[in-house]
Each structure stands twice: as C-alpha cells, then as structure tokens.
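Enquirer: Here's a sequence, model it:
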Amino acid sequence: MQLPLALLGLLLPMLASCSSPPGRYQQAAIHNRDGVPCFGVPDTKETRANPPLITAISVTEIGRGSEPVWERVFLRPGSTEPALHPNQCLTYGQDGEPAPAPPLRSGKRYQVVISGGTPGEPGQEQARVFIACFYLVEAADRSAMRVVLSDCSTALSAGPPPVRMGDR
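Expert: Numbers count the residues shown, from 1 in each chain. Here you go, the predicted model:
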C-alpha cells in the first residue's frame with residue numbers, strides 16, 4: 001500500500017506541471033456589427049490593464065475539419081500585433097488571408113479562436129487564447145443576421161443550431 005501512495009506523491013506534481021496556467025484559455029467576446037460577427041476579448045481587469053497583443057484570429061465551421069473559413073495572422077513580415085482592448089473587436093472577413101472571407105451561413109455552427117498574449121518584459125509575457133462558438137440566425141424579415149453565442153462543449157458534438165419559431 002505504501003508503494004502506490006509514494007508513486008502517487010511523485011506523479012501528482014508532474015501532472016500538475018502539465019496543466020495550463022490559470023487564465024490561459026478564456027471566453028472570446030462576439031459583437032454584432034450590422035449582421036457580421038466582430039470578435040474581441042472579455043472585459044476583465046487583466047484585459048483592461050494590459051490589452052492582449054493579438055497574433056492570429058481564425059474562424060472554423062464546426063464539424064468541417066480544422067481548415068479555417070477565415071483567418072488573419074499578424075505575425076507576417078511588415079505586420080504588427082495589435083493590442084485589442086475590451087471595447088474593440090476584429091470584424092469577420094476584414095483583411096482576411098489569403099482571399100476574401102466567404103459569407104457565414106445561417107444553420108451552421110462556427111468557432112472563433114483568437115491567439116495572443118499579455119504584453120510584458122521579455123520572458124514575462126503570458127500566452128492567451130480566447131475561444132467562442134456561435135451561429136447566425138436570420139431575422140424574421142430576412143433583412144439581417146443576428147449572432148448567437150453557443151456553448152462550445154455542446155456545439156462540437158451537436159448538429160445544426162436550433163431554429164426558434166420567432167427566428168423564422
């Protein structure tokens with residue numbers, strides 16, 4: 001009985017060192033800009049004090065592999081990593097690479113991943129990844145789309161988003 005406890009005492013610190021530090025993964029913010037998603041960081045004490053420097057943003061369609069439908073990378077030569085304040089956002093399709101972004105469609109689920117880090121002295125920066133899942137719903141008069149956040153843990157295994165009678 002003592003051997004398993006000693007083994008557990010050795011393994012627990014090693015397992016703890018493999019986990020991500022607190023705050024590395026956070027919920028992304030999604031705003032609606034005239035029917036187009038605009039992606040940002042949460043309004044927290046950390047992001048207000050030290051707006052994260054964004055290295056990349058990508059949107060993938062859930063269930064269609066890992067190939068992004070749109071991405072923007074800021075680590076290219078001649079590009080700078082923008083600081084993204086909680087009151088700012090990056091609009092879907094704006095300055096995407098390598099080609100213009102395809103329109104997002106109602107009835108499909110999407111995931112956005114914003115990669116970056118907190119600014120700081122060399123070696124003191126903290127990696128941050130902001131993630132959110134969402135889908136679009138057509139307005140009743142079909143004049144615009146509305147962004148609806150969804151839970152990523154259920155969105156990854158679920159089918160199409162629910163259609164509510166008022167959204168038709």
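Enquirer: Going by C-alpha atoms from here, please, whenever you check contacts or count neighbours.
Expert: Fine.
Enquirer: buried set for stretch 89-107?
Expert: Across stretch 89-107, burial judged by 16 or more other C-alpha atoms under 10 Å covers 89-93, 96, 101, 104, 106.
Enquirer: among these, which are in helices?
Expert: Nothing among those maps onto helices, per DSSP state H.
Enquirer: For those, give me CSV that also has pLDDT and distance to Val73.
Expert: As requested, these are exported to CSV (pLDDT from 0 to 100; distance: C-alpha to C-alpha, whole Å):
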residue, pLDDT, distance to Val73
Cys89, 95, 15
Leu90, 94, 12
Thr91, 94, 14
Tyr92, 95, 13
Gly93, 91, 12
Gly96, 67, 8
Ala101, 90, 14
Leu104, 93, 20
Ser106, 89, 26
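Enquirer: How about the secondary structure of Val112?
Expert: strand (DSSP: H, G, I helix; E, B strand; the rest coil).
Enquirer: sorry, back to before: which single one of the buried residues of stretch 89-107 is nearest to Glu138?
Expert: Ser106 (6.5 Å; C-alpha to C-alpha).
Enquirer: got a list of what the spatially closest residue to that closest one that is not a sequence neighbour touches?
Expert: The shortest distance from Ser106 to any non-neighbouring residue, by C-alpha to C-alpha, 6 or more residues apart in numbering, is to Leu136 (4.8 Å). By C-alpha atoms under 8 Å, 6 or more residues apart in numbering, the residues touching Leu136 are 104-109, 145-148.
Enquirer: Give the bridge partners for the nearest residue to Arg109 once chain neighbours are set aside, please.
Expert: Spatial nearest neighbour of Arg109, excluding adjacent residues (C-alpha to C-alpha, 6+ apart): Tyr135 at 4.8 Å. Beta-bridge partners of Tyr135, counted by DSSP bridges, are Arg109, Val148.
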